[in-house]
Each structure stands twice: as structure tokens, then as C-alpha cells.
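[1] Predicted model follows, preceded by the sequence.
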Amino acid sequence: MAKGKEVRVTVILECTNCVRKGVKKESTGISRYITQKNRHNTPSRLELRKFCPYCYKHTIHGEIKK
């Protein structure tokens, strides 16, 4: 039997602070994390508090499209 959609999906979390304010000129990019979520338990977009090495503090990282 074939499954329609997988229950656990891989998502990319991106720093919302870096995207909103723009990255400092010295830094090389935007902080991103890869994780998994259960599609049935969390149908909405995932937001976690993670460390951003470009902002040098813990910020909210939100789920982005692939």
C-alpha cells in the first residue's frame, strides 16, 4: 500500500531577525537549521527559539518554504 503524504517532513528554520533587519556587512549569511516535524500534530508553521551566530543571541527561527 502506498502512502499519500509522509507524516514526518523535513523543514528548514530561518532566523527571522536576520531576514527582517538585513544581515550585518561583516557576516556571511543567514542562520538556518534543518529539523523534522509531524504534519498531523503541527499543521501550522513551526517557530523555535534557536541560537543565531550572526546576531550573536537566541532569536526566533521560523519555518520557510523549500
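    That came through fine.
[2] residues near Arg45, how many?
    12 (other Cβ atoms under 10 Å). In this view, the C-beta of every residue, glycine as well, is placed from N, C-alpha and C.
[3] So it: helix, strand or coil?
    Of the three states, Arg45 takes coil under DSSP: H, G, I helix; E, B strand; the rest coil.
[4] again with the one 10 residues further on
    Assigned with three-state DSSP, Cys55 falls in the coil class.
[5] That one contacts Asn17, doesn't it?
    Yes - counting by Cβ atoms under 8 Å, Cys55 touches Asn17, with 5.4 Å between them.
[6] any shared contact partners between these two?
    Shared contacts of Cys55 and Asn17 (Cβ atoms under 8 Å, 6 or more residues apart in numbering): none.
[7] okay, which residue is most central for this protein?
    Nearest residue to the geometric centre of the chain (Cα atoms, centre = their mean): Leu13, 0.6 Å.
[8] give me every residue that touches that residue.
    Arg32, Tyr33, Ile34, Thr35, Leu46, Glu47, Leu48, Lys50, His61, Gly62, Glu63, Ile64.
[9] Could you do Glu63 as well?
    Glu63 neighbours (Cβ under 8 Å, 6+ apart): Val11, Ile12, Leu13, Lys37, Arg45, Leu46, Glu47.
[10] bridging residues for the first one?
    It stands for Val11. Thr35 (DSSP bridges).
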